[in-house]
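> I would like to see how this sequence folds:
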Amino acid sequence: MPLRRASVSVVVALFVASPALASPVGAQPKASDLVHLLRSMHHRGELDAIDTTRLTTEAMQGIADGHVRPPSTALSRCSMLARFEARRWAHERGGNLAYPPPPSEGYVESTTLPLRVYYETSWDKPMAQDSLLYAEQAWASLFGDLGYPQPFTDDDDAQPIQGLWLYVADSGMGGGGYTEPLSDVPSTPITDCSSRVVIDSANPPEYVAEVVYHEMVHTSQMAMDCAESVSAFENFAVAAEHLGNPYSYSFPYGFLPEFQAWPSYAVDYWTNNDSSGSAPLVYYQYGAALFPVFLADRFGDGDPAYLPLVWRRFAQMGSIEVKPWKVTASSGNSMDWFQALHGLLDESGSGFHDAFREFARWRAVVGSRHDAQHFRYGADYPEPATAAWLSGATPASGTLRAREYGSTYVEYSPYSYQGGLRFTVTTDYSAKWTADLLLWQGSQSPEIVPLEFDGFLGAAVVPSVQGLSGITLVVSQLKDGSHDPDLMDYDNDRHVHYTMEVLDPSDAGVDADADADATQEEGGLHDAHDAASPDAAVLDSAAVPYDDAAHLPFDPSAYDAQGGGCGCRVQQSPPVPPFLALATLTAAVALRRRRRR
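This is a model prediction of the structure:
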């Protein structure tokens, strides 16, 4: 059943984090946020007055040791993550934590479904009635049409039952909502758990439908695998929301721009950072929903029902233990969502690394480059940030950076040049890498030319750029070992050196006809679902020792002026001939105003 279309202002309103919480990397603790959360916990009966006073004093004095990193409640709306980290902080300082539901004055319930919505005060009853309506709609969509498993909740005796109880209450977060894991479900053999949903009573009415839908996805995720990492919970839930309601503005205009602005970061990167600067903001992982959207579009024909099928593969045998400050699985979350995707995609005839390489290409075929063979709604998606701009017949080189399961992009514009080019990349051989050229010709799907690797050196030749509107070099770091999303290990930033050489037609080392034939055979693809010999460019060097920067096959400090380096936000504009400057500016303004409906 369709949900009410969200307001255009709904661009920052998603809402929940996972129960499988490690302390995220890269954010700074904020005493003011701790105070806010501690007072909310006292309001709900989770902390008594003595502990609340003592812990609030510690937070206000700024002696928090950094182990807790709650996001800004005014910015992120990541209520669950903030609450779990605040609970963890309070527990480590001797706080006696309880785990009650929010206070309530009464409830409304469905006459046909096992749904009940409690409200804290009589003023909250209208929102509870609206939430019940939206929950009934979401139930029919998620658990009927799309095949998500029905959730469990806990009854008054703290026993798991089939169904869901929601609470409209003052969560202390100022909006949004969250889903809380409650207890193991002993009647099932998997690591599932019961849950409850809290909808903040401060939400504007137009947000409530979207909040309810998002949270109900989480309840179903917990009914399959309650132990998965925070990144998977969030990006799969946002993907479900986007594919189920593509007219919502939240994903393409609220979250995805942050993800596309930092393509060199890991696809499962999580942060609580809420200050613009040298690292992604908290919205990044919600924008990383682009990856499960890719999986659904590429392997599930764009069907939202593909996503619960994928999540079922994340489940494992075992039980769940829920405490106010942590959730643990008897299996240790083995397998995690990366491991499960390896197996699932192998069965699909692709493989995780092949699929990730393809994803790195797909995320460039969006916006003005959108076509009919990639993302279904890609015309609404922003393009990934470019690390370097190259042009014409000017040779170039530079040093790029990418993290594990991150990518970096270099753009080339031929302008009046019509000759050939040779692209090479020299990689850090302690990891696996892939590299491809995307050859653009107007509005056609890009032709793919893979860089062939010999050791840590990859190369590809474009015999002539005549007729091309541009070339994109895509370089991805795959892995340096066993990637564990639960550890949130993102300290794997590595360097790649690239060169672009202009070919002299008289160069005896270049057989233009042979290169053209090779391009036709290996990379002359207009069907984006063909992986173009993806294994050819993967360097398997796991056995090669790597100690420090001295082992790099190039000097990472030797940055070229054009080289960008970060693979993230590049401020400089591409080189534009003077006679094109006005036209380019006009086109840029028109593109910025463009909105596809």
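
> For the rest of this, base every contact and every neighbour count on C-alpha atoms.
Noted.

> Now do the helices in the stretch 251-400 of the chain.
For the stretch 251-400 of the chain, the helices defined by DSSP state H, counting those that start in this stretch occupy 256-261, 284-287, 290-299, 306-312, 337-347, 352-362.

> Outside of the first one itself, list whatever touches it.
Translated: helix 256-261. Defining contact as C-alpha atoms under 8 Å, 6 or more residues apart in numbering, one finds that helix 256-261 is touched by 280-281, 283-290, 381-385, 568-569.

> Tell me the backbone dihedrals of the residue positioned nearest the centre of the chain, please.
Most central in the chain under C-alpha atoms, centre = their mean is Ala288, positioned 1.6 Å from the mean C-alpha point. Main-chain dihedrals, Ala288, degrees, to the nearest 10: phi -70, psi 0.

> May I ask you to confirm that it is in contact with Asp268?
Yes. Assessed by C-alpha atoms under 8 Å, Ala288 is found in contact with Asp268 at 7.3 Å.

> dump the residue contacts of Arg376.
Arg376 sits next to Asp297, Gly302 when contact means C-alpha under 8 Å, 6+ apart.

> change it to 10 Å
Leu243, Pro246, Val293, Phe294, Ala296, Asp297, Arg298, Asp301, Gly302, Val366, His370 (C-alpha atoms under 10 Å, 6 or more residues apart in numbering).

> what's the answer for Tyr213, then?
By C-alpha under 10 Å, 6+ apart, the contact set of Tyr213 is 3, 131, 134-139, 141-142, 237-238, 240-241, 244.

> next one: Ala393
413-421, 500-503.

> Identify, from the residues you listed, the entry nearest to Ser195.
The nearest member of the contacts of Ala393 to Ser195, counting by C-alpha to C-alpha, is Ser413 at 52.6 Å.

> Ramachandran coordinates for the closest one?
Backbone torsions for Ser413, taken as degrees, to the nearest 10, come to phi -120, psi 120.

> I figured it was touching Gln466, is that so?
No. Judged on C-alpha atoms under 10 Å, Ser413 makes no contact with Gln466 at a distance of 11.3 Å.

> rewinding a little: let's have the contacts of Ala393 in JSON lines, adding pLDDT and neighbour count.
As requested, those are arranged in JSON lines below (pLDDT from 0 to 100; neighbours: other C-alpha atoms under 10 Å):
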{"residue": "Ser413", "pLDDT": "97", "neighbour count": "21"}
{"residue": "Pro414", "pLDDT": "96", "neighbour count": "19"}
{"residue": "Tyr415", "pLDDT": "94", "neighbour count": "16"}
{"residue": "Ser416", "pLDDT": "93", "neighbour count": "11"}
{"residue": "Tyr417", "pLDDT": "95", "neighbour count": "15"}
{"residue": "Gln418", "pLDDT": "94", "neighbour count": "15"}
{"residue": "Gly419", "pLDDT": "95", "neighbour count": "17"}
{"residue": "Gly420", "pLDDT": "96", "neighbour count": "19"}
{"residue": "Leu421", "pLDDT": "97", "neighbour count": "19"}
{"residue": "Met500", "pLDDT": "97", "neighbour count": "20"}
{"residue": "Glu501", "pLDDT": "97", "neighbour count": "16"}
{"residue": "Val502", "pLDDT": "96", "neighbour count": "20"}
{"residue": "Leu503", "pLDDT": "93", "neighbour count": "20"}
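
> Now, the residues you listed that are in strands?
Applying DSSP state E to these, the entries found in strands are Ser413, Gly420, Leu421, Met500, Glu501, Val502, Leu503.

> Wait, the second one touches Gly467, no?
In this case it means Gly420. No. Counting by C-alpha under 10 Å, Gly467 is not a contact partner of Gly420; they are 11.9 Å apart.

> which residues touch Thr219?
Taking C-alpha under 10 Å, 6+ apart, we find Thr219 in contact with 148-153, 163-164, 178-181, 192-197, 226.

> and if we set it to 8 Å?
By C-alpha under 8 Å, 6+ apart, the neighbours of Thr219 are Pro151, Phe152, Thr179, Ser194, Ser195, Arg196, Val197.

> Does it belong to a helix, a strand or coil?
Recorded secondary structure, Thr219: helix (DSSP: H, G, I helix; E, B strand; the rest coil).

> still on that earlier bit, dump the contacts of Ala393 to CSV, plus distance to Met222.
Converted to CSV, these look like this (distance: C-alpha to C-alpha, whole Å):
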residue, distance to Met222
Ser413, 48
Pro414, 51
Tyr415, 53
Ser416, 57
Tyr417, 56
Gln418, 56
Gly419, 56
Gly420, 54
Leu421, 51
Met500, 49
Glu501, 52
Val502, 55
Leu503, 56
